[in-house]
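Asker: I would like to see how this sequence folds:
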Amino acid sequence: MKSHGTGILLAVTIAITGLILNPFSAKAEEFHWGFKKATNGIPPNAGATLDALLDKHGAIYKGKSEEKIAYLTFDNGYENGYTESILDTLKREDVPATFFLTGHYLKSATPLVKRMIAEGHGIGNHSYDHPNMANLSEMRMEEEWTKFDDLLRELTGLKRTVYARPPEGVFNEKLLAKGNELGYRHIFWSIAFIDWHANKPRGRDYAYNELMTQLHPGAVILMHTVSPDNAEALPSFIQDAKKAGYTFRSLDDLVLEYENVNTRFW
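Answerer: Numbers count the residues shown, from 1 in each chain. A predicted model of the protein is given here:
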């Protein structure tokens, strides 16, 4: 599999300073997804080189910058008691979301997974064991995705996932290409903040302010369900984003937009 090799590594190694969350870095063609946070409604920019790499493999991290649309996604590695509240909010506000799950979550929180599906939310593939996917052989990459899908099908009847997200945002071109070969499209994000420390809550206002400050047209929002801050902030955030003119759509809609398909079938 050909890679951009030296060109990408050079572009990513150039001094990128002032980054707030998980800055881009490269080590043996390994990238860590992240960038300077969005402000004033202006979408973040990964840079021409990384944009080209993602676009080559149909990977997406934001939608159109001229439309006030946002896409909610959640990463679930384990259950901490807040997902039910999040699902209640999504149902009450009639907002779709995609939950990127691990194998552990499938086994330990099966009733919640079934509820996600029953209420029309998407299930994404966050790998089975949550490893550094960029360090794996292509065979092991495939095993991580297909083992997750096999268990998902066994427990819920859902045939397979089509959206993948690498644990901790660590990836390389081999991962994107292998995913494409197996029918997966990688979905990254344009809004995130430190919310994965279950034992270090910062309060509802912290999460709400991060979400509202970073909100921008075409936002793909990443939140972790282990945080009580997110569960508490989500109702007000959705309501105030709607008041600001935003609508919330699914990743299927985002992909249709990316592929320039204008007709919505649902």
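
Asker: Okay, buried residues for stretch 49-67 please.
Answerer: The neighbour-count check on stretch 49-67 (16 or more other CB atoms under 10 Å) flags 49-50, 53-54, 57-63 as buried. The way it works is simple: take the backbone N, C-alpha and C, and place the C-beta from them, glycine included.

Asker: how much distance is there from it to the middle of the chain?
Answerer: The chain centre lies 13 Å from the centre of stretch 49-67; the measure is CA atoms, centre = their mean, to the nearest Å.

Asker: Identify the residues contacting the lengthiest strand in the chain?
Answerer: Scanning the chain for the strand with the most residues, using DSSP state E, yields strand 69-76. Residues outside strand 69-76 that contact it (CB atoms under 8 Å, 6 or more residues apart in numbering): 63, 83, 86, 90, 95-102, 105, 109, 124, 126, 165, 187, 189, 196, 215, 217-225, 241, 246-251, 253-254.

Asker: again with stretch 191-205
Answerer: So stretch 191-205 is in contact with 21-22, 34, 37-38, 75, 80, 207, 210-211, 214-216, 219-224, 226-230, 232-233, 236, going by CB under 8 Å, 6+ apart.

Asker: Now it - C-alpha only, PDB.
Answerer: Output in PDB follows, covering the C-alpha atoms of stretch 191-205 (Å, rounded to 0.1, in the frame of the first residue of the first chain):
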ATOM      1  CA  ILE A 191     -15.300  19.500  18.500                       C
ATOM      2  CA  ALA A 192     -13.900  17.800  21.600                       C
ATOM      3  CA  PHE A 193     -12.700  18.600  25.100                       C
ATOM      4  CA  ILE A 194     -11.200  16.800  28.000                       C
ATOM      5  CA  ASP A 195     -14.200  14.800  29.300                       C
ATOM      6  CA  TRP A 196     -13.000  11.200  29.600                       C
ATOM      7  CA  HIS A 197     -11.800  11.300  33.200                       C
ATOM      8  CA  ALA A 198     -14.800   9.700  35.000                       C
ATOM      9  CA  ASN A 199     -13.400  10.500  38.400                       C
ATOM     10  CA  LYS A 200     -12.600  14.200  37.700                       C
ATOM     11  CA  PRO A 201     -15.900  15.900  36.900                       C
ATOM     12  CA  ARG A 202     -15.700  19.600  36.200                       C
ATOM     13  CA  GLY A 203     -19.400  20.400  36.300                       C
ATOM     14  CA  ARG A 204     -22.200  21.000  33.900                       C
ATOM     15  CA  ASP A 205     -21.100  24.500  33.100                       C
END
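
Asker: From residue 248, how far out is the nearest residue to residue 63 once chain neighbours are set aside?
Answerer: In space, and not counting its chain neighbours, residue 63 is closest to residue 218: 3.2 Å by CB to CB, 6 or more residues apart in numbering. Distance check for residue 218 against residue 248: by CB to CB, to the nearest Å, it reads 12 Å.

Asker: pLDDT below threshold where in the stretch 151-266 of the chain?
Answerer: Low-confidence segments of the stretch 151-266 of the chain, defined by pLDDT under 70: 262-266.
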